[in-house]
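Colleague: Next input, structure requested:
(2 chains)
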Amino acid sequence: MIHKVITKNEFKKFVDGLIEENQTFGPKQVDKRADGSGIYQFKEVNSYDDMDLDYTVTYSSVKNFFLPFREELSSFDFSDKGWDQTVEYRVNPRVIIGVRPCDINALNILDKILIGGAYPSPYYMARRTNTFLVGMDHEPLDDCFCESLGHDTVHRGFNLFCTDIGDKYYLTISSSKAFGFLKNVKVADPVNGDSVKFHERRKYLRDSFKTKVEVAGLPSVLDIEFKSPVWKKWGDKCLNCGTCAMVCPTCYCYGIEETIDVNLKSSRKERVQYSCNLVDFAEVAGGHNFRPLKEDRLKYRFYHHYRGFAQNADDPICVGCNRCGRACLARINPKDVISDLQMED
Amino acid sequence: MDYRLPKQDINTEPFMRQSPRYNRKDVFMRTDKAYKCEITNIVELTPTEKLFHLKILSDQERRIFEFRPGQFVMLEVPGFGEVPISLSSSSNNSEYVELCVRKSGRTTNMLHRAKTGAKLGIRGPFGTSFPMEKMAGHNILLVAGGLGLAPLRAPINWVSEYRDEYKDVHILYGTKDPDQMLFTYQYEEWQKVDHIKLLTIVEKANKDWNGRTGMITDLFKDIDIKPDDTFAIVCGPPVMFKFVCDHLDGLGIPMNRMFVSLERRMHCGMGKCCRCMVGSTFTCVDGPVFDYWSVLNLKEAI
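Modeller: As a prediction, this is how the structure comes out:
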């Protein structure tokens, strides 16, 4: 990793250069909440000024660029002789600017599962290798708890990471591509004063977390409290809408849908993001449902997130962004459920 | 100024971060590509179950395709869907695979309408298998309920091919009613040629049935089990294997010598879609074959 500093003016030039040559996505305000705070999403941008880089967090996570809601896995062409299957997973290179550390950590977790697992996914990998990520740190919202899970900082999984140190950005360069692009603009080696400011910024950000969640020992707590009445209490509130999984940066469960085209000459097989809170998630042929109750499904989601799966070395896959808590229509948020489980009142 | 990102085509790049282990095929990247195969024969077993003989069309793919008893494949019916089906043929049969399919949903209903010569796709094989080599030199108890005989037929085939390596072999098979019995045409062969003792039982007899009536655990009274020298394989609905395994546990068969095959609705077979998750374990990668000790440790398995 190489560290450099860049003035904000030069950084703007750098970003405009990237935008001009590549398809670029950045944070944009799309709407306002009742209290006046902005709702942000990653959208395609045409210039540096298009973006709202001082955004808080986006409503949906950056996951959707790597695991789109609907993605074609293969297609079939039918003829009199039978059928032919075509698999296509090439993607065009793109740039995403202003990704938050928790989102990059979420991608690192997805890498572990979808690239590091027994069967690496070429679909995911094609998107991942063709995406140029520019990360950016931010001041946490009141309900962010990524610091508790150690995901408030990030040191891999991006091409370039910018830490705001006043009138300059402290750059962490972790790819040759980024290093090459930076030759086009003026960057300087960090002097002592820059590093001091960098540490101050880090400390300031770490101290600004207002929400803390105790996650040490959570896997065993979840095992012990498997039959706890807490699940019923929260399960009864759940509406089984699956919103939490859609906005979550690490939820990757999916279903397969096959549709025959109207001309009856071809069909498509698509991967569709699914949520374990949806009622038919664990249904099998013949109609038996292994998780028939709301509380079973809610419990399963928490189990997956905090107990983890073997693929992920039993680490929690939650990064603590609290997107699910903010999006939930029934006001279920992980902090409350976990503190309920740990019997803290 | 040059800011253009190069297009990285991962087809031409090394797939993995770690070097691939060439002795393990499954570490390679898998796309959604299925082996194209043809239905060469259809055997109607019962009104709801059919046995399909599928031959992989490409010679090279047919050579690559190897499986072990207990594993499953994802069977693709193009345009309709993909379903996980356990392999019930002999693992030494490199010519075709046999899949026993019950008519129960959209894809399988369509499959039951297929005729000989139709082209299907299979991906796989996936999952863990029964440790047949480890069982050599011991008695084997094979217990099946209903459709559970389909996955059990692979180890039965294995045992009949390597019959001299095993001591006494029992098959206990129970169904709801006599019409649901699968592979009835093979019972005589298993008993007379392979010297496997087969006991059957039904829950509800009809007028043609002159065998035993009752629950599958009733059959244990008729056979002599040596707990310290017996391996058991149990396939069937969760309720059944719970009763059977508890009974065998009571007899003193160690839990790590009892194997069960769990069933879930997989969508990928590769440990990604999470649809087949039991507690925190993938049925498709860590299963479907588990020893009973692992099953007891899985939350919500039974």
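Colleague: How about whichever residue of the stretch 101-250 of chain A sits closest to chain B: what's its closest non-neighbour residue?
Modeller: Among all residues of the stretch 101-250 of chain A, residue A:119 sits closest to chain B, at 3.6 Å; criterion: CB to the nearest CB. Placement of C-beta: from N, CA and C, glycine included. Spatially, and ignoring its direct neighbours in sequence, residue A:119 is nearest to residue B:270 (3.6 Å; CB to CB, 6 or more residues apart in numbering or on different chains).
Colleague: Just confirm that neighbour contacts residue B:284, I think it does.
Modeller: Yes - in this structure, residue B:270 is within contact of residue B:284 by CB atoms under 8 Å, at 6.7 Å.
Colleague: hey, what's in contact with both of those two?
Modeller: Here residue B:270 and residue B:284 share the contacting residues residue B:126, scored by CB atoms under 8 Å, 6 or more residues apart in numbering or on different chains.
Colleague: since we're on residue A:268, how many residues are nearby?
Modeller: The tally of other residues near residue A:268 (other CB atoms under 10 Å in any protein chain shown) stands at 16.
Colleague: and what of residue B:193?
Modeller: Residue B:193 has 11 nearby residues by other CB under 10 Å.
Colleague: wait, what's in contact with it?
Modeller: Neighbours of residue B:193 in contact, by CB under 8 Å, 6+ apart: residue B:160.
Colleague: what do you get for residue A:26?
Modeller: Applying CB under 8 Å, 6+ apart to residue A:26 gives the contacts A:42, A:43, A:45, A:50, A:51, A:53, A:96, A:97, A:98.
Colleague: top of those residues by neighbour count?
Modeller: In terms of neighbours by other CB under 10 Å, those top out with residue A:98 at 26 neighbours.
Colleague: Tell me the secondary structure at it.
Modeller: The three-state label given to residue A:98 by DSSP: H, G, I helix; E, B strand; the rest coil is strand.
Colleague: Against chain B, how distant is it?
Modeller: In this view, residue A:98 and chain B are 17 Å apart by CB to the nearest CB, to the nearest Å.
Colleague: Now do that residue, the pLDDT please.
Modeller: Looking at residue A:98, its pLDDT is 89.
Colleague: Show residues contacting the lengthiest strand in chain B.
Modeller: Looking across chain B with DSSP state E, the single longest strand is strand B:35-44. Contacts to strand B:35-44, defined as CB under 8 Å, 6+ apart, come from residues A:82, A:85, B:50-58, B:61, B:65, B:96-97, B:114-123.
Colleague: In PyMOL, how would I select just the buried ones from the residues you listed?
Modeller: Entered in PyMOL, the line below selects the buried ones among the contacts of strand B:35-44, by 16 or more other CB atoms under 10 Å in any protein chain shown:
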select buried, (chain A and resi 82+85) or (chain B and resi 50+51+52+53+54+56+65+96+97+118+119+120+121+122+123)
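Colleague: Filter the contacts of strand B:35-44 down to the ones in strands?
Modeller: Using DSSP E, the contacts of strand B:35-44 in strands are A:82, A:85, B:50-56, B:97, B:119-123.
Colleague: So which residues on the stretch 201-302 of chain B come close to chain A?
Modeller: Within reach of chain A by CB under 8 Å from any CB of the partner chain, the stretch 201-302 of chain B has these residues: B:263-265, B:267-268, B:270-275, B:277-282, B:285-286, B:299-300.
Colleague: Just the buried ones from the residues you listed, in ChimeraX syntax?
Modeller: Buried residues within those, by 16+ other CB under 10 Å, are selected in ChimeraX with:
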select /B:263,264,265,267,268,270,271,272,273,274,275,277,278,279,280,281,282,285,286,299
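Colleague: Could you list the low-pLDDT ranges of the stretch 201-302 of chain B?
Modeller: The stretch 201-302 of chain B contains residues with pLDDT under 70 at B:299-302.
Colleague: what ranges do the helices span in the stretch 51-200 of chain A?
Modeller: Under the criterion DSSP state H, counting those that start in this stretch, the stretch 51-200 of chain A contains helices at A:101-114, A:122-129, A:176-181, A:192-207.
Colleague: Same question for the second one: list its buried residues.
Modeller: It refers to helix A:122-129. Neighbour-count burial for helix A:122-129, counted by 16+ other CB under 10 Å, picks out A:122, A:123, A:124, A:125, A:126, A:127, A:128.
Colleague: Mind checking if it is in reach of chain B?
Modeller: Yes - counting by CB under 8 Å from any CB, chain B is contacted by helix A:122-129 at A:122, A:123, A:125, A:126, A:129.
Colleague: Please identify the nearest residue in space to residue B:271, excluding sequence neighbours.
Modeller: Distances taken as CB to CB, 6+ apart place residue B:285 nearest to residue B:271, at 3.9 Å, with adjacent residues excluded.
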